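>>> Kindly generate the corresponding structure for this input.
(one chain, ligands or ions: 1)
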Amino acid sequence: MDLKFEKDKKRVVFSLGGSLVVPDGVNVPYLRQFRDFIFEFVNQGWRFVLVVGGGSQARKYIQAAKEIIGDSITHDDMDWLGIHATRFNAHLIRTIFRSIAQPVIITNPEKDYLDTTKSVIVSGGWKPGWSTDYVAVKIANRLKAETMINLSDIKYVYSADPKKDPQAKPVKDMLWMDFVKLVGDRWIPGMNVPFDPIASKQAMETNLDVYVTEGSNLKNIKRILKGEDYIGTLLHN
Ligand code: UTP
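Here you go, the predicted model:
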């Protein structure tokens, strides 16, 4: 049985993929269940950091800008639209946890004050060239967490890209070394990988374990927190 979270004093950092919060419009039924889930654990003494992604909001705004000004849009400007989408979503999350959350969302994971007396700390994106996965790793490092959980729309990391390789198999346990070989070491805006390659490198270097699992399956996430058998992949050194 895996009791890492007990050792971490019941603190969990979630990288909450934007596709869960805003798949198209805001996913109100999911956020309602997610809120109940967090409160259930907070009532048992757990504390959470929720780092929120941009989701369709980011993509729609980038697309709109491109339609209007075409190729003259810069990478930086696309990233800033993405970052503001993450912050808008983060503010929504902080609002639904108003009574238990640090009131101000984190926008700089290196410098901003983290009020660890609060049950919930919420962060959005930081600066161009990064991702919310990376921000989550940075905050986990600052809190000296040994483990974090990446919530997205995939159940497992596969042994190869399942879209390209029909032999690809789900893997329950993977070394960072092998994962980095699989996803490369570059972050390309809009790339679709189970966990951001740059964030992976940072996690590998700081010895952080990351669970990759489906964010919509809250029962399964409960099993991870309780150290029970779960669906998902554990990335570690
Ligand atoms: P993310 O890609 O991190 O959010 O941020 P997400 O919605 O969880 O991503 P998916 O679900 O994996 O697609 C959205 C965009 O915001 C910019 C990047 O362009 C990123 O693709 N961003 C985010 C930054 O430039 N810096 C940050 O610190 C965070």
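>>> Flag every residue of the chain that's near the ligand.
Contacts of the chain with the ligand, taken as Cβ under 6 Å from any ligand atom, map to 17-19, 53-55, 58, 78-79, 82-83, 86, 125-132, 135, 189-190. For every residue, glycine as well, the C-beta is placed using N, CA and C.
>>> If we use 5 Å, what do you get?
Within reach of the ligand by Cβ under 5 Å from any ligand atom, the chain has these residues: 17-19, 53-55, 58, 79, 82-83, 125-126, 128, 130-132, 189.
>>> Filter these down to the ones in helices?
Using DSSP state H, the subset of these located in helices is Gly18, Ser19, Gly55, Ala58, Asp79, Gly82, Ile83, Thr132.
>>> Can you add neighbour count and give those residues back as a markdown table?
Conversion of those to a markdown table gives the following (neighbours: other Cβ atoms under 10 Å):
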| residue | neighbour count |
| --- | --- |
| Gly18 | 24 |
| Ser19 | 19 |
| Gly55 | 24 |
| Ala58 | 25 |
| Asp79 | 20 |
| Gly82 | 27 |
| Ile83 | 21 |
| Thr132 | 28 |
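>>> Switch these over to CSV; also include distance to Leu151.
Formatted as CSV, those follow (distance: Cβ to Cβ, whole Å):
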residue, distance to Leu151
Gly18, 11
Ser19, 10
Gly55, 12
Ala58, 17
Asp79, 22
Gly82, 18
Ile83, 19
Thr132, 11
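>>> Helices of the chain, start to end?
4-7, 18-21, 28-42, 55-69, 75-96, 132-142, 176-183, 197-205, 218-225.
>>> relative to helix 28-42, how tilted is the last one?
Counting by axes from the mean of the first three to the mean of the last three Cα atoms, to 10 degrees, helix 218-225 points 30 degrees away from the direction of helix 28-42.
>>> what does the longest one give?
Angle between the axes of helix 75-96 and helix 28-42 is 60 degrees (criterion: the same axes, to 10 degrees).
>>> Which secondary structure elements does helix 75-96 sit against?
helix 18-21, helix 28-42, strand 47-52, helix 55-69, strand 120-123 (3 or more Cβ pairs under 8 Å, 6 or more residues apart in numbering; DSSP states H and E).
>>> give me the low-pLDDT residue ranges for this protein?
1-8, 189-190 (pLDDT under 70).
>>> how deep is His91 tucked in, by neighbour count?
Taking other Cβ atoms under 10 Å as the neighbour definition, His91 ends up with a count of 14.
>>> Distance check, it against Leu31.
13 Å (Cβ to Cβ, to the nearest Å).
>>> what do you get for Ile100?
With Cβ to Cβ as the criterion, Ile100 and Leu31 are 15 Å apart.
>>> Thr95 too?
Using Cβ to Cβ, we find Thr95 at a distance of 10 Å from Leu31.
>>> With neighbour numbers in mind, choose between those two.
Leu31 (16 against 11).
>>> Identify the residues contacting that one.
Listed by Cβ atoms under 8 Å, 6 or more residues apart in numbering, the contact partners of Leu31 are Val21, Leu92, Ile93, Ile96.
>>> For the ligand, state which of these is nearest.
Checking the contacts of Leu31 against the ligand by Cβ to the nearest ligand atom gives Val21 as the nearest, at 8.0 Å.
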